[in-house]
Every structure is written in structure tokens, then in C-alpha cells.
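# Just need the structure, nothing else, for what follows:
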Amino acid sequence: MAVRMFAAIDVGSFALELGIYEISDKGIKSIDHVRHMIALGSDTFSEGKISYGLADELCRVLEKFTETMKLYRVKDYRAYATTAMREAKNSRIILDQIRVRTGLEVHIISNSEQRFISYKAVASKAGEFNQIIQKGTAIVDVGFGSAQISLFDKDSLVATQNMPLGSLRLRSQLSKIPVSVEGNRLHIEEIVDNELITFRKMYLRDRQITNLIGIGDNILYLMRRLGIKGGESHVDAETMHVFYDKLSQMTINQIEENFGVNSDYANLLLPAAAVYTRILDITGAEMFWIPAIGICDGIAAEYASDKKLIRFDHNFENDILAAARNMAKKYKCHASHNQVLEQYAMNIFDSTKRFHGLGERDRLLLQIAVTLHACGKFISMKNSNECGYALIMSTEIIGLSHMEREVIASVVRFNSEPFKYYGEADSKSAIDRDTYMLIGKLTAILRVANALDRSHKQKVEEIKAAVREKELVLTIDTQEDLTLEEGLLTEKADFFEEVFSIRPRLRRKKRR
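Residues are numbered from 1 along each chain as shown. Below you'll find the predicted structure:
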């Protein structure tokens, strides 16, 4: 049995964490866990950047992490930074200091990537997770910088939303307001409710939530100190309310004494408990499951899955597609048109693999671009391409990085707008040459696919794509008049030929 040692590092808003894992065909086993409190978020959320003092402490702790990794003979690791580093103006400077002083390459991940990683850790507890999400379920991840609510219905992810309700962020907002114990709870709830009422109006109007899954460091710490009876990791709504009422009546000194934490962490427990409890209230959930996982567990699960060392029963790509399709539904995209367009685009993608050299992840990005290609029309029929780009860039799609969102948004923009060649694009964009080529290839495929159903009448019953010599022959089965489609295909074929050096051509299937 091959065993691989792996290290996961989380550069979080309030703490640095190192997880050492043993990965084998039997699964993922936690070997060691090291945690160091460092409030990077305090600097970022108040000053906009990380101070020299905290940067120096950060590097010193990470140096110790590398020594621990050597003791366990770890060869593979992944180090991720989240909200505090993501929002710091000097993040690139800090990352360079880490690389020079420790040799570690730390990557800043987007919020949607961060939440997706934690979600994978929950899904690794396959039996209970798959059973729970058969009914209306919300996964609530309250971090130090923000909170994420993801809604499931019958095994499908239907919505996800990020809100500025992290415990450290809330505490920073209230730090300059001198209040009583009762006033402290009231002000926290007012801030939290302001965000949650909007969320309820948008996502919970016709949806019943039975189960809540609580993840993140905050809930783990709260539950360890609760001393809850009646279940290893399950809490009912009444028990949670009793605990919250008790906690909200304590002074900071009393919280320190009762929970055995320092004053910095004691200040964060009430905001965290407030967010979980208020979400419990607005959803009306009956059961609260705490699966005892952290982001390092998620990083290990992601690594093991990527390296094909373990297999998940749950299909995460379907969740990403479900999030995109729900976005398309929200913006009134033409569902039947999208359905046939996806069939055409995937057919073309699969038949031209040796010409585009793209992989399965790129195929997924194309599927999402097809799904969202007309979302901008919800805002403006005239400038739908620009509006579509803005909507996609402004909407987090769980599981996608910022750059992947930009790829999708650019493909949607260039579907009906003249393609901008490398160097002509927005100077603010971070698109490199490889990403530019990916955008060009996916745009060429979407344009051709879209031309085949420009009337939105689904005239083509069946389509088969095959490359023959210098042509992409699209054999179609239909008795409809395709004059419009043939004319538009000629227009779109020029760019496709420029990108792939093969030209699309329509051919009707011979009927017997």
C-alpha cells in the first residue's frame, strides 16, 4: 500500500495552520495539526494592508512550519492564503517575503475557491453528507473575514452567496463603539440581520431548509466548548439558542475564563455565534450538523482528488454547472436554446481535440460560457455583451477562480463583440498569453455553435462533427430551412479558421 505524506497550510485572517496528512488507498488520515494565532485581518480590515511586524511574525512561523514538514518527510504541500491576504494592498510584497525567507509558494485563492475547498472536506464524509443534502440544506461557513451560505436541494447546489459577516470583520466594525453587554449583542445582530434579510428575500422565499451544516474554525471552537449532550456532532435549534443566550450575557473576561481563550479570541466568539444562530432563525432549520472539518482538511481532500488518490461519490462539476444554470435562470436566459447550444458546442469541442489541445477543465468553462452567454440581455438588449461580462465578473460561481471567471466572461463578451487580440485588451486585465489563447479558442467554438441555432427554434434535430482534411464537417439532420444559419455560419467560420486552421462547413444528412 503506497502512502504519501502531504502538508496543507492555511494563511488565514486570524491564524496560521499546518496540517500533516497521510494519504493512501484507505483514505486521508490526519497526523499532526499546528495552529498559531496571528490576526492578519486586523491590519487588513482596518488599515488596508499588513504591517511589517505581522509580516515578520508570519514568516517566522512559516519557517517553523517548514521544519515540521521536514520532520515528517513531506514532499508535496499546498499553501493557500484567504481573505486577509486577498484584500491587503501589499499582498504581493508579503508573498515575495514568504518565498524568499521560507521557500514556500503561497497562493491567494478566491473566495469561491476557498469555500469549495471546505465543501469538499465536508463531502469527504460521504455517507452522512449525501444523506443530509437529499433534503433542503444550507452549508454555512463563517470565517474570520466573511461568511458563505450555500443552498442544496435534492443533491443539487442551487445557490451560494458570500457576505461580509466574518467574526473578525464584525468585531473590527464595532471596536470603536463603547457599549454594554446587552448593547454589544444588539449591534452585532443589527449588522448581521441587515445582510441576512436581503439574502432571505432573494433565495429563501419559496425554499424550505431542514438541515444546517456548520463549518469553519469558529463553529469548531464553539462546539468544543459547548459540552453539548445528545449527539456527537448534531445540535438542535433550541440547544443552539440556549447557548447563544448564555454567551451573549457574558463579559469578555467571563468568556476568557469560561472558554479558556485569550482576549483576542474571546472577542470573536459572540459575533460567530450570532451569525450561526441568526442563519438558523431565518432558514427555520431543525438540525445543525457540525462535521468537525477545517480548511486544511479541505486542502488535503482537494489534493488527493486532483492526484486521483481518492474518489468522491459526489460530482463537484455538477455543482459548478448547477450554480451557473441557476444564475442563467435568474437572468431569464433561454433554457431550450442553451440546451441545444451546449450539445453543439460540446460536440465541436470533442471532435477538434487534436487542434485545440484543451483539457476537461477547459471543456467545463465552455459549458458555463454557453450557459451564461445571453445573461447580459437581462440588463440591456443593446449592450448585452458588456453587461454579460460585468454580471459574470460580479458574481461568484463556487469552485471557479477569479481568472476562470474572467475567461468565461471574456468568451461571453466576444461571442457578439469583435475579438480583441493580445495587447489590445483592457490594460487592467491580468490575462497572460496562454489564457488569451484559451479565450480565443472557446470564443471560436461558441460563435459557431451559436450560429447553428441563431433563430432559437432548435431546427437541427441531430448534429455530428468530424474533421476531414482542412474542414470541420457539421453533419445535421433536419428538414427545416437553414438559410439564416448557413449565412451566419459563413460569417463566424472566418475566426474559427483563423484560430484552428480548419473551416466549419454544414452538410445535411442524407435521408433514406
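# For the stretch 101-250 of the chain, which segments are assigned as strands?
For the stretch 101-250 of the chain, strands defined by DSSP state E, counting those that start in this stretch occupy the ranges 106-108, 137-142, 147-153, 156-163, 211-215, 234-236.
# do the same with the chain
4-11, 15-24, 27-37, 76-81, 106-108, 137-142, 147-153, 156-163, 211-215, 234-236, 287-289, 462-468, 471-477, 503-508 (DSSP state E).
# The ones you listed into CSV, with extra columns for mean neighbour count, distance to residue 327 and mean pLDDT?
For glycine as for every other residue, the C-beta is placed from the backbone atoms N, C-alpha and C. Shown next, in CSV, are the strands of the chain (neighbours: other C-beta atoms under 10 Å; distance: least, C-beta to C-beta, whole Å; pLDDT from 0 to 100):
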stretch, mean neighbour count, distance to residue 327, mean pLDDT
strand 4-11, 23, 29, 95
strand 15-24, 21, 32, 93
strand 27-37, 14, 32, 90
strand 76-81, 20, 25, 96
strand 106-108, 18, 24, 95
strand 137-142, 24, 18, 88
strand 147-153, 24, 13, 85
strand 156-163, 20, 9, 81
strand 211-215, 25, 22, 87
strand 234-236, 17, 32, 80
strand 287-289, 21, 27, 84
strand 462-468, 14, 26, 80
strand 471-477, 18, 29, 79
strand 503-508, 16, 29, 81
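# now those strands in JSON lines, with distance to residue 248?
Converted to JSON lines, these look like this (distance: least, C-beta to C-beta, whole Å):
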{"stretch": "strand 4-11", "distance to residue 248": "29"}
{"stretch": "strand 15-24", "distance to residue 248": "24"}
{"stretch": "strand 27-37", "distance to residue 248": "23"}
{"stretch": "strand 76-81", "distance to residue 248": "32"}
{"stretch": "strand 106-108", "distance to residue 248": "35"}
{"stretch": "strand 137-142", "distance to residue 248": "16"}
{"stretch": "strand 147-153", "distance to residue 248": "18"}
{"stretch": "strand 156-163", "distance to residue 248": "21"}
{"stretch": "strand 211-215", "distance to residue 248": "18"}
{"stretch": "strand 234-236", "distance to residue 248": "17"}
{"stretch": "strand 287-289", "distance to residue 248": "18"}
{"stretch": "strand 462-468", "distance to residue 248": "62"}
{"stretch": "strand 471-477", "distance to residue 248": "65"}
{"stretch": "strand 503-508", "distance to residue 248": "65"}
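# Out of these, the one nearest residue 196 is which?
Smallest distance to residue 196 across these (C-beta to C-beta): 7.8 Å, for strand 156-163.
# Return the list of helices and strands in contact with the closest one.
Here strand 156-163 touches helix 111-123, strand 147-153, helix 181-203, helix 316-330, going by 3 or more C-beta pairs under 8 Å, 6 or more residues apart in numbering; DSSP states H and E.
# can the ones you listed go into CSV with extra columns for distance to residue 502?
Formatted as CSV, those follow (distance: least, C-beta to C-beta, whole Å):
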stretch, distance to residue 502
helix 111-123, 35
strand 147-153, 41
helix 181-203, 44
helix 316-330, 28
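# Much appreciated, bye for now.
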